[in-house]
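Student: When you get a sec, could you give me coordinates for this:
(one chain, ligands or ions: 2)
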Amino acid sequence: MTNSLFGPLHDVAEEAGYADPPERAGFFTDTSVCIGCKACEVACKEWNAIPEDGYALTGMSYDNTGALGASTWRHVAFIEQSAPREVDQGDGASRWLMASDVCKHCTHAACLDVCPTGALFRTEFATVVVQQDICNGCAYCVSACPYGVIDRREDDGRAWKCTMCYDRLGDGMEPACAKACPTDSIQYGPLDELRERARERLGDLHDQGVTEARLYGEDENDGVGGDGAFFLLLDEPETYGLPPDPVVTTRDLPAMWKWAGGAAAALAGCVAVSFLGRR
Ligand code: SF4
Ligand code: SF4
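Tutor: Residues are numbered from 1 along each chain as shown. Ligands and ions are numbered 1, 2, ... in the order given. Okay, here's the model as predicted:
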């Protein structure tokens, strides 16, 4: 492999050292059928024993969790906006966009690249998991994540995020959020199959005149090499609080180390010349 920090990388688990890994697992979240019931958030909390977030609404929407964080590994956004042409029946209607966000389990995961203790690791399913007993709370991963997903918990200082229910996958079960979703907005399975299904669904929506529909995170040529968790959106990514063009923050490390090495060599040369010049 010529470059493991950036670009398409189909055999992610093999690249991480697994000799004969299972098919890459992923999430396809089809926001066009989400009803905002938050069953996914609740199932995630229950299965993973995550602390509750309280019941106070943010005041901006019907939302008590606000964003992904150490105690919110699935977050359902509620976005109210004017209905676009194909939805508006001529009465100036508004619509709700609902979307269940999650860790993207990136092909090139900056959180994993920068972790100094090995607490973050790539699983045989090509997902990204934190081992809490090894995390030292340095938070390098928090600033490295291009999506703002991973977060330190205030009370214990360690970093937490979605594991794609690693403990369930090993037993052949689907993640708790996908199991609980009543509309199949969250689908779990082999990533290639999900991508195929998502493209078909996108084609159907376009045929129905929903021209704003788009896929987000499924492209292996994007700035993170494609996401293990990708989405069908009904508007621009920014509308949902997603970065339009995410790039793995460790992409330029080789070039940076090359420049740093060159600068160090030049400095050493100057010191040597000045030392020899004094003799
Ligand atoms: S979305 Fe952030 S936390 Fe999740 S794998 Fe990618 S870099 Fe890591
Ligand atoms: S469980 Fe499914 S339908 Fe309900 S909020 Fe989550 S993604 Fe949407």
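Student: So which residues on the stretch 1-150 of the chain come close to ligand 2?
Tutor: Applying CB under 6 Å from any ligand atom, we find that the stretch 1-150 of the chain lies next to ligand 2 at 34, 35, 36, 37, 38, 39, 40, 76, 98, 100. (Glycine included, C-beta is placed from N, CA and C.)
Student: The closest residue to the fourth one other than its chain neighbours: how many residues sit nearby?
Tutor: So that's residue 37. Setting aside the residues directly before and after it, residue 37 is nearest to residue 182 in space (CB to CB, 6 or more residues apart in numbering), at 6.6 Å. By other CB atoms under 10 Å, the residues close to residue 182 number 10.
Student: in the stretch 151-279 of the chain, what residue is nearest ligand 2?
Tutor: In the stretch 151-279 of the chain, the residue found nearest to ligand 2 is residue 181; the distance is 3.3 Å by CB to the nearest ligand atom.
Student: sorry, back to before: pretty sure the residue nearest to residue 37 is touching residue 40, no?
Tutor: No - the pair formed by residue 182 and residue 40 falls short of the contact definition of CB atoms under 8 Å, at 9.6 Å.
Student: which bits of the stretch 1-150 of the chain sit near ligand 1?
Tutor: 103, 104, 105, 106, 109, 110, 111, 128, 145, 147, 149, 150.
Student: how near is the residue nearest to residue 37 to residue 132?
Tutor: Counting by CB to CB, to the nearest Å, the separation of residue 182 from residue 132 is 31 Å.
Student: Same check on residue 207?
Tutor: 46 Å.
Student: Please apply the same query to residue 150.
Tutor: Relative to residue 132, and taking CB to CB, residue 150 is found at 12 Å.
Student: which of those two has more neighbours?
Tutor: residue 150 (27 against 12).
Student: residues in contact with residue 71?
Tutor: 45, 50, 51, 52, 53, 153, 160 (CB atoms under 8 Å, 6 or more residues apart in numbering).
Student: Which residue is the nearest non-sequential neighbour of it?
Tutor: Nearest to residue 71 is residue 51, by CB to CB, 6+ apart, at 4.8 Å.
Student: Measure how buried the one you found is and give me the count.
Tutor: 12.
Student: for the one 3 residues further on, same thing?
Tutor: Other residues within reach of residue 54 by the criterion other CB under 10 Å amount to 9.
Student: By proximity to ligand 1, which residue of the stretch 151-279 of the chain wins?
Tutor: residue 161 (5.1 Å).
Student: tell me the contacts of that residue?
Tutor: Counting by CB under 8 Å, 6+ apart, residue 161 has contacts 68, 70, 73, 103, 111, 130, 149, 150, 151.
Student: same question, residue 229
Tutor: Contacts of residue 229 by CB under 8 Å, 6+ apart are 26, 27, 29, 102, 103, 104, 105, 164, 217.
Student: now residue 174
Tutor: Applying CB under 8 Å, 6+ apart, the residues contacting residue 174 are 165, 168, 188, 189.
Student: again, only this time at 7 Å
Tutor: By CB atoms under 7 Å, 6 or more residues apart in numbering, the contact set of residue 174 is 168, 188.
Student: returning to what we had before: in helices only, show me the residues of the stretch 1-150 of the chain next to ligand 1.
Tutor: 110, 111 (DSSP state H).
Student: For burial, what's the neighbour tally of residue 206?
Tutor: Count around residue 206 with other CB under 10 Å applied: 13.
Student: isn't it right up against residue 213?
Tutor: Yes - assessed by CB atoms under 7 Å, residue 206 is found in contact with residue 213 at 6.5 Å.
Student: re earlier: the residue of the stretch 151-279 of the chain closest to ligand 2 and residue 33, how far apart?
Tutor: 9 Å.
Student: higher neighbour count, those two?
Tutor: residue 181 (25 against 15).
Student: For the residue most central in space within the chain, give its distance to residue 10.
Tutor: Nearest to the mean C-alpha position of the chain, by CA atoms, centre = their mean, lies residue 104 at 1.9 Å. Distance, residue 104 to residue 10, using CB to CB: 17 Å.
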